[in-house]
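*Asks:* how would this look folded up:
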Amino acid sequence: MHATVCIVPGTLDDVRGQSRLLAEQSAEVAVWDGYPLDVDWAMYEGMEQAGVLSVLLAVVDGEFAGFSIGSIVRHPHHEMTVMLNSAIGVAPAYRASTACADLIRETEAVAREGGCDAVIWSSPAGSPLAAIVQHRGYRAAETSYVRDI
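*Replies:* Below you'll find the model as predicted:
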C-alpha cells in the first residue's frame, strides 16, 4: 500500500520546528562549504508579513515529510512575476513517496494563483532536485558562479 501524501499550507513555525530536516537538507546540497546553516527567520517573517511568502508542507500518513518555501516577486529585470523557491526538502524516509513531486506541483499551483509567469528552482548541478525538475519540463536558465572573497 502506498503512503498517502497531503500537501497543506504551512507557517514558518512549522518549518522552524523541523530544524533537523533543514540541517540535513543543507548538508546534502552543501554548496556553501565553510558556512554553517543560519536561516534568517526575520527575513522570512518580513516576507510572510508582506504576503509574498509561500510555505507548503508535505504530510504522509499524519507525519511531517517535507516542505517547500518560496516567495512571489516581480522579476528585477523582466516584466514578469515569479515564484522563487528558496528551499525544498523531503525527509529521507519519504523520498520514495510522491512528496517531492507533490510539493513541486502544489508550489506551481500557488504560483499560478498568485499571478506568476514562472517558477524558479535553485539547485546544485547534478542534484536529485535538478533531475526531478528537468524531468518535469523545467529548463536550465542561468548558472551561478561562486568564489569566496
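*Asks:* how about stretch 74-82: buried residues?
*Replies:* residue 82 (16 or more other Cβ atoms under 10 Å). Just so you know, the C-beta spots here come from the backbone N, C-alpha and C atoms, and that holds for glycine as well.
*Asks:* helices or strands up against the helix-or-strand element of the chain with minimal mean pLDDT?
*Replies:* In the chain, the helix or strand scored least confidently by mean pLDDT, DSSP states H and E is helix 19-29, which has a mean of 78. On a contact count with 3 or more Cβ pairs under 8 Å, 6 or more residues apart in numbering; DSSP states H and E, helix 19-29 meets strand 63-74, strand 81-90.
*Asks:* which residues sit against the following helix or strand past it?
*Replies:* Using DSSP states H and E, the helix or strand that follows helix 19-29 in sequence is helix 41-49. Residues outside helix 41-49 that contact it (Cβ atoms under 8 Å, 6 or more residues apart in numbering) are 11-12, 16, 53, 55, 69, 71.
*Asks:* gap between stretch 65-74 and the chain center?
*Replies:* 5 Å (Cα atoms, centre = their mean, to the nearest Å).
*Asks:* could I have it exported to PDB, CA atoms only?
*Replies:* Extracted C-alpha coordinates of stretch 65-74, given in PDB (Å, rounded to 0.1, in the frame of the first residue of the first chain):
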ATOM      1  CA  ALA A  65       7.600  14.600   5.500                       C
ATOM      2  CA  GLY A  66       8.900  17.800   3.800                       C
ATOM      3  CA  PHE A  67       8.500  21.400   3.000                       C
ATOM      4  CA  SER A  68       8.700  24.000   0.200                       C
ATOM      5  CA  ILE A  69       9.400  27.700   0.800                       C
ATOM      6  CA  GLY A  70       9.100  30.300  -1.900                       C
ATOM      7  CA  SER A  71       8.300  33.900  -2.500                       C
ATOM      8  CA  ILE A  72       6.200  35.600  -5.200                       C
ATOM      9  CA  VAL A  73       8.100  38.600  -6.500                       C
ATOM     10  CA  ARG A  74       8.400  40.700  -9.600                       C
END
